[in-house]
Structures are given as C-alpha cells and as structure tokens.
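Trainee: Next input, structure requested:
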Amino acid sequence: MSSAAADLVLLGDLTGRYAAGSYSRLASDRRSVILRADRRGAAEHGHRITAAIECHIARAGGNVDQLTQLLLHTEHEGGRLARSIALRSGQTALDYVHRVWTSATEAVSTSMALGSRHDAYEVLAALRDRIETTPWRGERGRTALRVLRAHLNFAEIAGGPLHHASERQTAEEAGISRTTLRAAYEKILKPQG
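Mentor: All right, here's what the predicted structure looks like:
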C-alpha cells in the first residue's frame, strides 16, 4: 500500500481532498467555503474516504477481510464511518463494507493505474486522437465533439482523466448553452453509448 493510502487509513482526510458537495457550503462573505455541521455531509465525506481506502486496498491486492480489519480498528481515523455504522447497527456495517468493496474492486478492475502525470498525459493524448478521428456527423455531432474537447481540456489541467467540471463550466468551455449541453449528454454522449 502506498504511503498516501496508509496516511488515509491511519489519519483520515487531513487535506480535505475528499470533502466536497454537501459537506461544504459557501460562507456569507461569498468568497470562502465552510464545512456544514449536518450529519449527511459528514456521512458523504466518510463514504468518499471509505471508497478511496477500499480502492487502494483492491489495487494493492488485498481482500475484504483485511479491509474490514483496517476500517474497524479503533485507532484508524479512516474507518470512522464504518465504526459509527457498526456502533449504530452492527451487521449493517459489514454489509456496507462489502457493498463498497464490490464497487471498488469493479472500479479498479475496469480502470488503468497511472504511474505518473506523464502517463496521464499520454492517455489523454491517445483519447484526444481517438475523439478527433471519430466522425461526428451533423450539428449534434459537432456539439458533442465540442463538449468532449472541453472535458479533455479540464482533464489536462487536472493532470489526469479524473476531473470535476460543473455544467456551467463545461458549457462555457465548449461555447454552448447549458440546455444544449444537457441535450448533448442525454442524446449523444450517453454512458456506454
């Protein structure tokens, strides 16, 4: 297991890397982000940490029993969510760990581990080449191509295929409206389509 994964297990999310979405909100000054105090945000944050740990364990060739021991160990901050579920409802915690483990092993088996930023850029260049050489017929096809190029630009800035861009950011980067972007997602760029 990598040192980053070990730190995540032992110390939890010290950098706030996994805190996003409903776990944070815009402060009244409209410039800074503050954490929400509600339980749902904390649970989402805990789930992101648990899923990341499980992906690290799956990538390292571990199994669900080893993972359960790591998450339920009282001194490991990364397993806080699993322990709180175990305290509230016992067996449900094991069911939760198994459900997330199934998702993690599937994600790891269908993805490629990138060793460096250079490897990520090579993957993005190959993807860009494939997108650019695919025939995109009609106005809808050209719109879909613009959307994919926008996502590739975001991925290159992020340094790898995994990136986050809002609907508004993507529409602005592609030079189209949000309505047109939604139509491109729903009618052309369907998952597995």
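Trainee: quick one: stretch 123-143 to chain centroid distance?
Mentor: 24 Å (CA atoms, centre = their mean, to the nearest Å).
Trainee: Repeat that for stretch 78-97.
Mentor: Distance, stretch centre to chain centre, for stretch 78-97: 22 Å (CA atoms, centre = their mean).
Trainee: Surely residue 101 is in contact with residue 64?
Mentor: Yes. Using CB atoms under 8 Å, residue 101 is in contact with residue 64, at 4.8 Å. From N, CA and C alone the C-beta is placed, and that goes for glycine too.
Trainee: Tell me which of these two has more neighbours.
Mentor: Shown here are residue 101 and residue 64; by other CB atoms under 10 Å, residue 101 has more neighbours (22 against 18).
Trainee: Could I get the pLDDT score of that one?
Mentor: Residue 101 carries a pLDDT value of 83.
Trainee: buried sites along the helix or strand hosting it?
Mentor: Residue 101 is part of helix 91-109, with elements assigned from DSSP states H and E. With burial defined by 16 or more other CB atoms under 10 Å, the residues of helix 91-109 counted as buried are 93, 94, 96, 97, 100, 101, 104, 105, 108.
Trainee: Could you look up the next helix or strand downstream of that helix?
Mentor: Going down the chain from helix 91-109, the next helix or strand is helix 117-133, by DSSP H and E.
Trainee: can you list contacts of that following helix?
Mentor: Applying CB atoms under 8 Å, 6 or more residues apart in numbering, the external contacts of helix 117-133 come out as 112, 114, 145, 148, 149, 152, 155, 156, 159, 160, 161.
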